[in-house]
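*Asks:* give me a 3D structure for the following:
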Amino acid sequence: MSTPRAAARERRTVLWVVSLCMAAMIFDGYDLVVYGTVVPVLLGDPTQLGALSPVEAGRLGSYALFGVLVGALAAGAVGDRIGRRKVMLINMVWFSVGMGVTAMTQSVGSFGLFRFLTGVGVGALVATVGAMVAEFAPAGKRNRYNAMVYSGVPAGGMLAALIAIVLDDVTGWRGLFWVGALPLVVLVPLALAKLPESPKWLVARGRVAEAQAVCERHGLPMPAPEVVHAVDSERVGFAALASRRFGPATLLLGTMSFAGLLLTYGLNTWLPEIMGQNGFGKSWALAFLLVLNGGAIIGGMLASTSADRIGARTVVSTTFLMATAALLLLPLGLPVAVVIAAVAIAGVGTIGTQVLIYGLVSNYYPTSARAAGVAWCAGFGRLGGILGPVIGGALVGAVGGSAAAFRIFAAIAVVGAVVTLFVPKSRAEEAPDVTLDPAEAAMVPSGAHA
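*Replies:* Okay, the predicted model is just below:
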């Protein structure tokens, strides 16, 4: 039986895990938005990197997303085999170094290359934190804890917009990228000291003695081995995702993430430029990024509470439809107050929806395939993220293109809502957590697999 002291130790450990994962996602969100804040500078001043057209800038924005795709899929391939902690530590360093080197680039080509390499680290982190949080979060609060962590993405977006408003004239765009290198000196040392490996993952890999040691050191309950469907008992990672049991759902979940990330990256990259074309000054245009990401944080947290009560599918479908309505309102020339409200609702329905999708996916698969599931969601979804800035760039450069961009984004949100309703239920996401007391844990063979 858990004592008050043991319960307090467990809460501290979970708080550290959630806080460190959220901090990693804050820098992911910073990376997502910082490029959008510097696009007007790079378009207007060819002495920075070279001459850029809107279409070329859209392609340049997609390079980081190709990196995210590669990083997410790579993390999914190894994360269910080598562990969550190792993947997170390696890629915190990778991401930080990539941001610092990007700040020193002198040409369009080198800028694009290091945006790609930085994206590899971002993708691996996005694909891993969902699995980590799902394995530490208390039952009944998984969507809420997941939303807290992935709300770091819009929080990082807000941070990027604020820093751009305050520091752009002081440090220039290069200084904004140097800020993104801070995890190397701030986050990595804390993660080395405070981030444990997932006991659930250790048990799933048959490393029961190591799981017991982690649980004792960090005050965590010892998880029981999961009961896995016999057909899939030997399948780990992507092989499990492609199985007959999970294959159809994997395709649908990937499509949901494709739609969510297309909307997220398309709006975060081009919203300042579109609003600037519609008569708003630079400060106003950046302020809309704050509203977009702020709406995602507040709305995402509220929606995640509902997702824990009534299920994530219903909530995700609803928030996709909220995005549809808001996006159709934006090009209508409405009063500023209405535009601000519509941008906030669009944040809930795009970035906030993607936060909920990560929660749904991280709780959908068993431990042996969880990292691969989130990686698939983040990786395949990034194809939508790559397409979003390209669509925006192609349309923004055309006459009347900003209104057309909003309408296309609204149609994609409708598709996301419909696809969500067809995702079947999963036994893994509905199964209650089972923990063992020390006597029971000692009886589990050290070679047992989930």
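
*Asks:* so which other helices or strands are in contact with the helix or strand hosting Phe380?
*Replies:* Assessed by DSSP states H and E, Phe380 sits inside helix 367-396. In terms of contacts (3 or more C-beta pairs under 8 Å, 6 or more residues apart in numbering; DSSP states H and E), helix 367-396 is packed against helix 54-82, helix 108-136, helix 199-204, helix 238-241, helix 247-277, helix 353-362, helix 401-421. All C-beta spots, glycine's among them, are computed from the backbone N, C-alpha and C.

*Asks:* I'd say Thr264 and Leu387 touch.
*Replies:* No. Using C-beta atoms under 8 Å, Thr264 is not in contact with Leu387, being 11.6 Å away.

*Asks:* so these two - more neighbours on which side?
*Replies:* Higher neighbour count among Thr264 and Leu387: Thr264, with 30 against 19, using other C-beta atoms under 10 Å.

*Asks:* and the pLDDT for the more buried one?
*Replies:* Reported pLDDT at Thr264 in the predicted model: 87.

*Asks:* what's near enough to touch it?
*Replies:* For Thr264, the contacting residues are 32, 350-351, 354, 385, 388, by C-beta atoms under 8 Å, 6 or more residues apart in numbering.

*Asks:* of those residues, which is the most crowded?
*Replies:* Most neighbours among the contacts of Thr264, by other C-beta under 10 Å: Thr350, with 34 neighbours.

*Asks:* ok, now which ones touch it?
*Replies:* Going by C-beta under 8 Å, 6+ apart, Thr350 touches 260, 263-264, 267, 292, 296, 323, 409, 413.

*Asks:* would JSON lines of these with distance to Ala147 be doable?
*Replies:* Converted to JSON lines, the contacts of Thr350 look like this (distance: C-beta to C-beta, whole Å):
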{"residue": "Gly260", "distance to Ala147": "14"}
{"residue": "Leu263", "distance to Ala147": "17"}
{"residue": "Thr264", "distance to Ala147": "15"}
{"residue": "Leu267", "distance to Ala147": "19"}
{"residue": "Leu292", "distance to Ala147": "17"}
{"residue": "Ala296", "distance to Ala147": "10"}
{"residue": "Ala323", "distance to Ala147": "17"}
{"residue": "Phe409", "distance to Ala147": "22"}
{"residue": "Ala413", "distance to Ala147": "19"}
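
*Asks:* so which residue is dead centre in this structure?
*Replies:* With distances taken as C-alpha atoms, centre = their mean, Val126 lies nearest the centre of the chain, 4.9 Å away.

*Asks:* measure it to Gly373 for me?
*Replies:* 13 Å (C-beta to C-beta, to the nearest Å).

*Asks:* avg pLDDT for stretch 132-140?
*Replies:* What stretch 132-140 shows for mean pLDDT is 81.

*Asks:* typed the wrong thing, it's stretch 113-128
*Replies:* Averaged across stretch 113-128, the pLDDT comes to 89.

*Asks:* now swap in stretch 348-356 and tell me
*Replies:* The average of the pLDDT scores along stretch 348-356 is 89.

*Asks:* measure that stretch end to end?
*Replies:* Stretch 348-356 stretches 10 Å from its first residue to its last (C-alpha to C-alpha, to the nearest Å).

*Asks:* renumber starting at 35 from here on
*Replies:* New numbering, starting at 35: the last item is stretch 382-390.

*Asks:* so how far is that stretch off the chain centroid?
*Replies:* 10 Å (C-alpha atoms, centre = their mean, to the nearest Å).

*Asks:* mind listing what Glu169 touches?
*Replies:* Residues in contact with Glu169 (C-beta under 8 Å, 6+ apart) are 118, 232-235, 401, 404.

*Asks:* pull the most distant pair out of those residues.
*Replies:* Based on C-beta to C-beta, the longest span within the contacts of Glu169 runs between Pro233 and Arg404 and measures 13.5 Å.

*Asks:* higher neighbour count, these two?
*Replies:* More crowded of Pro233 and Arg404, by other C-beta under 10 Å: Arg404, with 31 against 24.

*Asks:* surely that one and Asp114 touch.
*Replies:* Yes. Applying C-beta under 8 Å as the test, Arg404 and Asp114 come out as touching, 7.0 Å apart.

*Asks:* quick one: Leu49 from Arg178, how far?
*Replies:* Between Leu49 and Arg178 the computed distance is 14 Å (C-beta to C-beta).

*Asks:* what is the neighbour count of Cys411?
*Replies:* Cys411: 31 surrounding residues under other C-beta under 10 Å.

*Asks:* just checking, it touches Val395?
*Replies:* Yes. Cys411 is in contact with Val395 according to C-beta under 8 Å; the separation is 4.4 Å.

*Asks:* which residues do those two both contact?
*Replies:* When contacts are counted by C-beta under 8 Å, 6+ apart, Cys411 and Val395 have 164, 287, 291 as shared neighbours.

*Asks:* quick one: low-confidence parts of the stretch 235-384 of the chain?
*Replies:* Low-confidence segments of the stretch 235-384 of the chain (pLDDT under 70): 258-271, 312-317, 319-320.

*Asks:* which strand residues bridge Met256?
*Replies:* Beta-bridge pairing for Met256 (DSSP bridges): Leu470.

*Asks:* hang on, it packs against Ala247?
*Replies:* No. Taking contacts as C-beta under 8 Å, Met256 lies outside contact range of Ala247: 10.4 Å.

*Asks:* more neighbours: these two, which one.
*Replies:* In this view Met256 and Ala247 are compared by other C-beta under 10 Å, and Met256 has more residues nearby, 22 against 15.

*Asks:* which of the contacts of Glu169 has the weakest pLDDT?
*Replies:* Lowest pLDDT within these is found at Thr401 (76).

*Asks:* how many neighbours does that residue have?
*Replies:* Look at Thr401: counted by other C-beta under 10 Å, it has 24 neighbours.

*Asks:* correct me, but it touches Leu236?
*Replies:* No. Counting by C-beta under 8 Å, Thr401 stays clear of Leu236, with 9.6 Å between them.

*Asks:* show the backbone phi and psi for Met79.
*Replies:* One correction, residue 79 is Asp, not Met. phi -130, psi 90 (degrees, to the nearest 10).

*Asks:* neighbours around it, how many?
*Replies:* When counting by other C-beta under 10 Å, one arrives at 12 neighbours for Asp79.

*Asks:* check Phe272 too.
*Replies:* Look at Phe272: counted by other C-beta under 10 Å, it has 19 neighbours.
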